[in-house]
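*Asks:* sequence first, then the predicted structure:
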Amino acid sequence: MGRGQKVFLIGLVLLAALIGILVWRNRQPPMLPENENHAGITSGERCLVCHGPEDELTRGRNHPLGFDCARCHGTR
Ligand code: HEC
Ligand code: HEC
């Protein structure tokens, strides 16, 4: 195997590893639970009554930015 081929193969393996890591780290937003807490809310402000920064149910430290909750948290 020539040097060029070796470099190419190593590059390919690294690329595959990188893609694997990105897929693995890609977090999906959880669906809204189907209960009365979550039915019929149309504004993100209502969500923050329970999920605000000071509450026990607050979003985690690594939660994505954004207050238009419905863009990411769908209903079934
Ligand atoms: C009346 C309080 C209350 C309101 C308002 C509320 N939630 Fe919740 N939420 C909860 C509670 C309690 C839980 C956890 C227990 C459960 O499954 O219901 C929860 C769970 C969740 C979860 C699931 C978390 C997980 O780990 O699966 C998401 C997502 C969520 N809420 C988003 C929202 C969004 C978006 C809104 C606005 C549309 C909202 N909540 C409004 C109380 C509330
Ligand atoms: C840009 C997309 C996006 C938006 C906008 C968004 N979320 Fe999330 N949410 C996520 C993702 C992704 C997760 C999963 C995080 C994880 O796995 O660490 C999540 C997780 C949660 C959880 C579970 C606890 C946690 O932090 O893991 C709650 C509760 C929640 N979101 C509530 C809300 C509320 C309330 C709003 C609006 C104020 C909102 N989210 C807006 C993407 C979003």
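*Replies:* Here it is on my side, so go on. Ligands and ions are numbered 1, 2, ... in the order given.
*Asks:* in this structure, which ranges drop under the pLDDT threshold?
*Replies:* 76 (pLDDT under 70).
*Asks:* which stretches of it form helices?
*Replies:* With helices called from DSSP state H, the chain shows them at 3-25, 44-51.
*Asks:* list the buried residues in stretch 57-74.
*Replies:* Under the neighbour-count criterion of 16 or more other C-beta atoms under 10 Å, stretch 57-74 has Cys69 buried. The way it works is simple: take the backbone N, C-alpha and C, and place the C-beta from them, glycine included.
*Asks:* now what about stretch 46-53, what contacts it?
*Replies:* Applying C-beta atoms under 8 Å, 6 or more residues apart in numbering, the contact partners of stretch 46-53 are Asn37, Ile41, Leu57, Thr58, Arg59, Phe67, Cys69.
*Asks:* residues from the chain in reach of ligand 1?
*Replies:* Residues of the chain lying close to ligand 1 (C-beta under 6 Å from any ligand atom) are 30, 32-33, 35, 37-38, 41, 46-47, 49-51, 57, 69, 73.
*Asks:* list buried residues within those residues.
*Replies:* Buried members of the residues of the chain next to ligand 1, scored by 16+ other C-beta under 10 Å, are Leu32, Cys47, Cys69.
*Asks:* among the helices of the chain, which is nearest ligand 2?
*Replies:* When these are compared by C-beta to the nearest ligand atom, helix 44-51 sits nearest ligand 2, at 3.5 Å.
*Asks:* which non-adjacent residue is nearest Gly74?
*Replies:* Sequence neighbours aside, Met31 is the residue nearest to Gly74 in space, at 5.7 Å (criterion: C-beta to C-beta, 6 or more residues apart in numbering).
*Asks:* follow-up on the earlier one: out of the buried ones among the residues of the chain next to ligand 1, which is nearest to Leu22?
*Replies:* Nearest to Leu22 among these is Cys69, at 24.8 Å by C-beta to C-beta.
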